[in-house]
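Trainee: this is a predicted model, with the sequence first.
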Amino acid sequence: MAKTYQNPNIIKRLRADYFSNRTDTTLTLIFGACAAWALWNLISWGLLNAVWSAEDRDLCAHGSGGACWAVIDARWRLIMFGLYPYEEQWRSGIACVVMVLIVGLSCVPWFWNAKRISALWLTGFGIFYVLMRGGYFGLTPVFEQNWGGLSLTLFIFATVSLIGMPMAIVFALLRRSELPWISNTMGVIIDTIRSLPLLSIMFTFAIVLPFVLPSWMIGDKLYRVIFGYALFFACYQAEILRGGMQALPAGQEEAAKALGMSYWHRIGYIVLPQAFRNALPPTINQFVITFKETSLVVIIGFFEILASGNAAFGNSEWNFAHVEVYAFVALIYFVFVFALSRYGAYLERRMAVAER
Amino acid sequence: MTPQNHAVRIAEMDKYYGTFHALKNINLEIAKGEKIVICGPSGSGKSTLIRCINKLEDYHAGSINVLGTELDDNLDNIDEIRRETGMVFQHFNLFPHMTILENCTLAPMLVRKQSQIEAEQTALEFLTKVKIPEQADKYPGQLSGGQQQRVAIARALCMQPEIMLFDEPTSALDPEMISEVLDVMVSLADEGMTMVCVTHEMGFARQVADRVVFMADGEIVEEAAPDAFFDAPQQARTQAFLSQILGH
Ligand SMILES: Nc1ncnc2c1ncn2[C@@H]1O[C@H](COP(=O)(O)OP(=O)(O)O)[C@@H](O)[C@H]1O
Ligand SMILES: [Mg+2]
């Protein structure tokens, strides 16, 4: 007996999923009502009763019953650019766009070969650095100490990824070396660093390291912190990659050996591409965490976006509006992290097609 | 250099896995153009033996010489020998993240430094020879086992090796796909390729082999031309094995 399956229409489906019996119906009604109430409150607070313009500060100070987006209108440049000199903030703005652009472009498969990706990052970082730091082309110098806000967050994230990822690959390869003294040493290093809190690593690199390094190696505090963070990133990512490599059947490397491929060719063309595929979900996860934890640099005195946000309401003029500032900063984090997760999902689909 | 008339010469070779003596005093000489079939019970060391020929496994005593190159710890020698020997595995081991064509062109481009155009031309030639040129742009996961194994053969041939090593190339295949792979191997043999095949396909051994080598417990127990081997085996262990797999 042949039956053809028909897609049920939406009413039928709703009824089946949410109103199939008395309990279901009751639950649906209760939770539906709660959700609707919460949504309505959010809209009326965030949109209908909100105060939008900085000139209306007094209005929200005396309580309009809605969100005081006026604080964002008044202080957005502080949130986005931190302590960067006011007249030069356009540079920081363009630098942000450049950084987003290179991160975005490196997600495009066309850039996925050594030449293109390195050209992209070198140019991108060059432009970013010249814009932010100045000192060339008649731009007034602005020292790293005064960088801040979103461009600092993006800069830290991108640099940590850029330095950390190659380091992670090297660590993972050393970790699986056939010589026990190499793999064991690497194992101890990785486990040690992973068992330390990121905060203490940043602190060590920022404050303690200058006492032990020769002066020419010290560099700016920002770069020391970034290096420490990259090391931390690399140790986690190395373990993730090692997991991805272990999932490879031994036959893959053997086939490559039998074809006469050298160690580096085997690693570059057979092992790593497949290890990254296997390890894609935890790798994206690692990037998300890294992005969010950039906010820890505040402890050694850098005003990344969350710290700039704190400064934005940290005076008597706007001190009642912290919820709105946090909501705004959260939105910015959300945009970046959500884009990252969606990109991860896209990659997984793309690879699923290749390996079907 | 003196011309070599042997393709592989293994002399007094021993191999251990830890304390386990996996290969015991192996002596085997394979002439150029010769086809050898190696058979024997599971665990007798067949895979270990042919994997020693291209140094996928280390050996611990004796010597192996392939095409005049001594297989020792010298990495250049190992590379040299691997370039000249192709290998086909039981489980195909195609690279799942590359298309069939990329599987076939990768090593010639990296190792033989061929241009992409040149490598692709050769690849299509060999894919035609194994009768699947139309699958060139698919991924291994989209092919049947028999097709994958034929690609694996083509991939090895693209390096234009002097010697082909086969380790049970049909054991992982569904029965109806075995003959398509054997056909390719037979035509390869007809063209004069030097072949070392670990297989239990006795029909293939009779038709193609110049010599059958029987192994048990890490030793070469008996070697003979196929007719003599199948019809008048000398050793008790050979007789027992043959009666088992031939079912009488
Ligand atoms: N990597 C290994 N480590 C330890 N023992 C092994 C390893 N590979 C094979 N052996 C042992 O060596 C013997 C020969 O194995 P193998 O050459 O695979 O046999 P065959 O291919 O004839 O079935 C077996 O007893 C097997 O258990
Ligand atoms: Mg075997």
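Mentor: Good, I have the coordinates. Keep in mind that this is a model prediction, so the values were computed, not measured. Numbers count the residues shown, from 1 in each chain, chains lettered A, B, ... in the order given. Ligands and ions are numbered 1, 2, ... in the order given.
Trainee: who are the packing partners of the longest helix along chain A?
Mentor: Counting residues, the longest helix found in chain A (DSSP state H) is helix A:322-354. Applying 3 or more Cβ pairs under 8 Å, 6 or more residues apart in numbering or on different chains; DSSP states H and E, one finds that helix A:322-354 contacts helix A:70-81, helix A:280-293, helix A:305-313. From N, CA and C alone the C-beta is placed, and that goes for glycine too.
Trainee: turn those helices into a markdown table, columns for mean neighbour count, mean pLDDT and distance to B:Gln148.
Mentor: Listed next are those as a markdown table, based on neighbours: other Cβ atoms under 10 Å in any protein chain shown; pLDDT from 0 to 100; distance: least, Cβ to Cβ, whole Å:
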| stretch | mean neighbour count | mean pLDDT | distance to B:Gln148 |
| --- | --- | --- | --- |
| helix A:70-81 | 22 | 76 | 55 |
| helix A:280-293 | 18 | 89 | 24 |
| helix A:305-313 | 23 | 77 | 51 |
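Trainee: out of those helices, nearest to ligand 1?
Mentor: helix A:280-293 (29.3 Å; Cβ to the nearest ligand atom).
Trainee: for residue 167, list the residues it contacts.
Mentor: Went with chain A since none was named. A:230-231, A:233-234, A:238 (Cβ atoms under 8 Å, 6 or more residues apart in numbering or on different chains).
Trainee: wrong one, I was asking about chain B
Mentor: B:46-47, B:50-51, B:87-90, B:198.
Trainee: what pairs with it across the strands?
Mentor: Note on B:Asp167: beta-bridge partners B:Val198, judged by DSSP bridges.
Trainee: what score does it have for pLDDT?
Mentor: B:Asp167 carries a pLDDT score of 95 in this model.
Trainee: show residues contacting stretch B:133-144.
Mentor: Stretch B:133-144 is contacted from outside by A:354-356, B:92, B:94-101, B:103, B:123-124, B:127, B:132, B:147-148, B:151, B:177, using Cβ under 8 Å, 6+ apart.
Trainee: cutoff 10 Å now
Mentor: Stretch B:133-144 is contacted from outside by A:353-356, B:92-105, B:120, B:123-128, B:132, B:147-152, B:154, B:173-174, B:176-177, B:180, using Cβ atoms under 10 Å, 6 or more residues apart in numbering or on different chains.
Trainee: just the CA trace of it, in CSV.
Mentor: What follows is stretch B:133-144, C-alpha atoms only, in CSV (Å, rounded to 0.1, in the frame of the first residue of the first chain):
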residue,chain,number,x,y,z
PRO,B,133,38.0,8.9,-15.5
GLU,B,134,34.5,10.2,-15.0
GLN,B,135,34.9,10.2,-11.2
ALA,B,136,37.8,12.6,-11.2
ASP,B,137,36.1,15.4,-9.5
LYS,B,138,34.3,13.4,-6.8
TYR,B,139,35.5,12.8,-3.3
PRO,B,140,36.6,9.3,-2.2
GLY,B,141,33.6,9.0,0.2
GLN,B,142,31.3,9.2,-2.8
LEU,B,143,32.8,6.1,-4.5
SER,B,144,32.2,2.4,-3.9
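Trainee: just the buried residues of that stretch, please?
Mentor: Buried residues in stretch B:133-144, counted by 16 or more other Cβ atoms under 10 Å in any protein chain shown: B:133, B:135-136, B:138-140, B:143.
Trainee: dump the residues you listed to JSON lines, plus distance to ligand 1 and secondary structure.
Mentor: Shown next, in JSON lines, are the buried residues of stretch B:133-144 (distance: Cβ to the nearest ligand atom, whole Å; DSSP: H, G, I helix; E, B strand; the rest coil):
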{"residue": "B:Pro133", "distance to ligand 1": "33", "secondary structure": "helix"}
{"residue": "B:Gln135", "distance to ligand 1": "30", "secondary structure": "helix"}
{"residue": "B:Ala136", "distance to ligand 1": "32", "secondary structure": "coil"}
{"residue": "B:Lys138", "distance to ligand 1": "31", "secondary structure": "coil"}
{"residue": "B:Tyr139", "distance to ligand 1": "29", "secondary structure": "coil"}
{"residue": "B:Pro140", "distance to ligand 1": "24", "secondary structure": "helix"}
{"residue": "B:Leu143", "distance to ligand 1": "25", "secondary structure": "coil"}
